[in-house]
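Trainee: What shape does this take:
(2 chains)
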Amino acid sequence: MSLFSAIGISASGMDAQRTRAELITENLANADTTRTPEGGPYRRKDAVFTSAPAEQSFAQALSDFSGYPAQGVSVSQVVVDDSEPERRYLPGHPDADPDGYVAFPKINPAEEMVDLMSASRGYQANVAAISTAKDMIARSMDLFK
Amino acid sequence: MHLAHTAPLDLGRFMSYLSARQEVVSSNIANADTPGYKTQDIETEFSAAFAEARDAIVEVPGLSSKNDGNNVSIDREARLLAENTVRFNLAAQLMRGRIKDIRSAISEGHS
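Mentor: Numbers count the residues shown, from 1 in each chain, chains lettered A, B, ... in the order given. Okay, the predicted model is just below:
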């Protein structure tokens, strides 16, 4: 356990939150997409976070301060929302079915924005943790002066 | 007699404890959005800080859980981050003074 592994843990948090933010922006960008390579409208994606033992170098694992495996976080899965798409009546649309309805992604922009804010705040919190760890390391290095 | 160990506080161990704590707090922050994750901490008893911090990881009681079973409070973690830095800076400052004393002894008081 060291301050460097604390930085590693926060980095895993930043990575996970950034992945989530990427998926959210993808959802927002595709809020009106009716065609995808898989066919049908775009489907909302979301990241599933799982706590995972932080990556450790061999040396770190050997000289561990305590037997505690510090938990980082990782995106274990990207879930695709398979609920029914929203149907809008647009008879002139090239993707309209015989009844004149077009299947649109079921994406609520307000919900996505709130998730995006939460991802951004989570990212900031991890950055704050890294900068305090860096501060502590800098203080330790001051000891040599 | 080791000069660095004569003071009542074992600063080196205290700094190790603070680094370990920093890691636990980072872990809590990284997992602030992980479903089912429970806030963890190192035993905060004053004596435990100076004794072996080994295996003293505990779940923090009394925090309210969100719907997904996660009970990380970002405010608590932010406070701990700030506290940890202040404590570490203090310990580093004291350690510096101690090292200065040793240096002074090595140079027979001429520094």
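Trainee: The longest helix along chain B near chain A at all?
Mentor: Across chain B, the longest stretch assigned as helix under DSSP state H is helix B:74-106. Yes: contact between helix B:74-106 and chain A, assessed by CB under 8 Å from any CB of the partner chain, occurs at B:74, B:77-78, B:81-82, B:84-85, B:88-89, B:92, B:95-96, B:99. In this view, the C-beta of every residue, glycine as well, is placed from N, C-alpha and C.
Trainee: for that helix, what is the average pLDDT?
Mentor: With pLDDT averaged residue by residue, helix B:74-106 scores 90.
Trainee: Any residue of the one helix or strand A:Met113 maps to touching chain B?
Mentor: In this assignment (DSSP states H and E), A:Met113 forms part of helix A:109-142. Yes: applying CB under 8 Å from any CB, one finds helix A:109-142 touching chain B at A:118, A:121-122, A:125-126, A:128-130, A:132-133, A:135-136, A:139-140, A:142.
Trainee: show me what contacts the closest residue in space to A:Ser51 that isn't next to it in sequence?
Mentor: Closest residue in space to A:Ser51, ignoring its immediate chain neighbours: A:Gln71 at 4.2 Å, by CB to CB, 6 or more residues apart in numbering or on different chains. Contacts for A:Gln71 were tallied using CB atoms under 8 Å, 6 or more residues apart in numbering or on different chains; they are A:9, A:51-54, B:27, B:30-31, B:37, B:40.
Trainee: got it, and A:Ala29?
Mentor: Neighbours of A:Ala29 in contact, by CB under 8 Å, 6+ apart: none.
Trainee: I'd like to know how far it sits from chain B.
Mentor: Going from A:Ala29 to chain B by CB to the nearest CB, to the nearest Å gives 22 Å.
Trainee: separation between that residue and A:Pro105?
Mentor: 11 Å (CB to CB, to the nearest Å).
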